[in-house]
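K.L.:
Sequence plus the predicted model coming up.
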Amino acid sequence: MAAIMLKNNATTLLATAILSTATSITVVDGTVFSPVAGGDYFYATIQSTNDSFEVVKVTAVSGNTLTITRAQESTLAIPFAANSSITQRVTAQTIVDHFNTAGITATGSTTARALPTR
């Protein structure tokens with residue numbers, strides 16, 4: 001069963017620059033991220049040194065190579081320089097996916113839960 005992977009404080013840097021069309025990226029240390037297999041995924045934010053950012057969906061992690069779907073959550077696919085940061089994060093879409101997709105279970109070091117209604 002596919003899962004939305006969660007992990008606290010998982011951050012590394014891009015090892016090389018990427019174009020706005022890149023769907024595979026190389027990072028300095030891929031071991032900081034949650035393992036992804038069998039349809040599992042997580043959302044991450046790439047942030048440049050000038051504070052431009054993009055939310056991406058990470059669908060595979062193999063060593064230091066990440067397979068990504070670009071321009072998530074109304075962000076634009078933009079080029080990033082080497083040494084831009086990439087951080088695994090709980091985003092708004094993570095919460096939406098967790099509660100609206102049947103059969104998907106949040107796993108990892110943090111679990112999302114619904115807030116009580118007033």
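P.N.:
Thanks, I have the structure now.
K.L.:
Which of the helices and strands in the chain ranks last by mean pLDDT?
P.N.:
strand 105-108 (a mean of 42; mean pLDDT, DSSP states H and E).
K.L.:
and A81, backbone torsions?
P.N.:
phi -80, psi 160 (degrees, to the nearest 10).
K.L.:
What are the neighbouring residues in contact with it?
P.N.:
A81 makes contacts with L14, A17, S48, T49, as judged by CB atoms under 8 Å, 6 or more residues apart in numbering. For glycine as for every other residue, the C-beta is placed from the backbone atoms N, C-alpha and C.
K.L.:
Excluding covalently adjacent residues, which one is nearest to the last one?
P.N.:
Yep, that's T49 we're talking about. Nearest non-adjacent residue to T49, counting by CB to CB, 6 or more residues apart in numbering: S84, 6.6 Å away.
K.L.:
And for the first one?
P.N.:
The spatial neighbour of L14 that comes closest, neighbours along the chain excluded (CB to CB, 6+ apart), is S84 at 4.9 Å.
K.L.:
With the third one instead?
P.N.:
The shortest distance from S48 to any residue other than its chain neighbours is 4.7 Å, reached at S84 (CB to CB, 6+ apart).
K.L.:
quick one, what contacts the one you found?
P.N.:
Counting by CB under 8 Å, 6+ apart, S84 touches L13, L14, I46, Q47, S48, T49.
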